[in-house]
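Participant: need a 3D model of the sequence below.
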Amino acid sequence: MFLKNSLKSTIILILFVSLFYTYNFVTDKKGALANVYNNKLNVEVFKTPSCGCCYGYVLFLEKEKFNVKQTDMRSLHSIKQKYNIPVEMQSCHTTIIGKYFIEGHVPLEAINKLLKEQPSIDGIALPGMPIGTPGMPGKKEEPYVIYQLIDGKFSVFMTI
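Facilitator: Residues are numbered from 1 along each chain as shown. As a prediction, this is how the structure comes out:
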């Protein structure tokens, strides 16, 4: 009888310990995933100190929960050169997110697509300063064509 009760107690103890560790493993995983989604993504925006629309883009990124570091420079030539951004793809500021650059007033939809799909490209660009884009005043007048760049060569990434 004692042996039977001891075996029963051992089995119950093993089940309890197993459930305890399984529960902690699952909740730790959920907690880890929650931290990934709750952490702000770090970005750095290279801009000139006097550009109002660049500051508007910074505010847009902050509103969208990015942790933004602003780096003011007299000239952005060295940044454009470093990331091999051709003149026809340039805008007034360059943002770095992880391994990618974001050139210009790129809307959130394109940034989200880039971060979700993680393509093998150097970055994306919306050349110029189109009216109605994040940081730019006015209403959207035409579709925004966002380009993807690889080694200075570009092709359409998406149209919004």
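
Participant: okay, now the unreliable bits of this structure?
Facilitator: Within the chain, the stretches with pLDDT under 70 are 1-39.

Participant: tell me where it has helices.
Facilitator: 2-38, 52-63, 77-82, 108-117 (DSSP state H).

Participant: measure how buried Ser75 is and give me the count.
Facilitator: Residues contacting Ser75 under the criterion other C-beta atoms under 10 Å number 8. C-beta here means a position set from N, CA and C on the backbone, and glycine is covered the same way.

Participant: could you check how far it is from Ala110?
Facilitator: 26 Å (C-beta to C-beta, to the nearest Å).

Participant: and Leu59, by the same measure?
Facilitator: From Leu59 across to Ala110, the span is 18 Å (C-beta to C-beta).

Participant: who's more crowded, those two?
Facilitator: Just comparing Leu59 and Ala110: by other C-beta under 10 Å the higher neighbour count belongs to Ala110, 21 against 13.

Participant: if we ignore the residues flanking it in sequence, what's nearest the more buried one?
Facilitator: Nearest-residue entry for Ala110: Ile146, 4.5 Å, with adjacent residues in sequence omitted and distances by C-beta to C-beta, 6 or more residues apart in numbering.

Participant: ditto for Pro119
Facilitator: Gln148 (6.9 Å).

Participant: can you pull the contacts of the one you found?
Facilitator: 119, 121, 123-124, 154-157 (C-beta atoms under 8 Å, 6 or more residues apart in numbering).

Participant: again, 10 Å this time
Facilitator: Applying C-beta atoms under 10 Å, 6 or more residues apart in numbering to Gln148 gives the contacts 100, 110, 114, 119-125, 154-158.

Participant: relative to Tyr55, how far out is it?
Facilitator: The value you get for Gln148 to Tyr55, if C-beta to C-beta is used, is 26 Å.

Participant: how is this protein divided into domains?
Facilitator: 1-39, 40-159 (automatic domain parsing).
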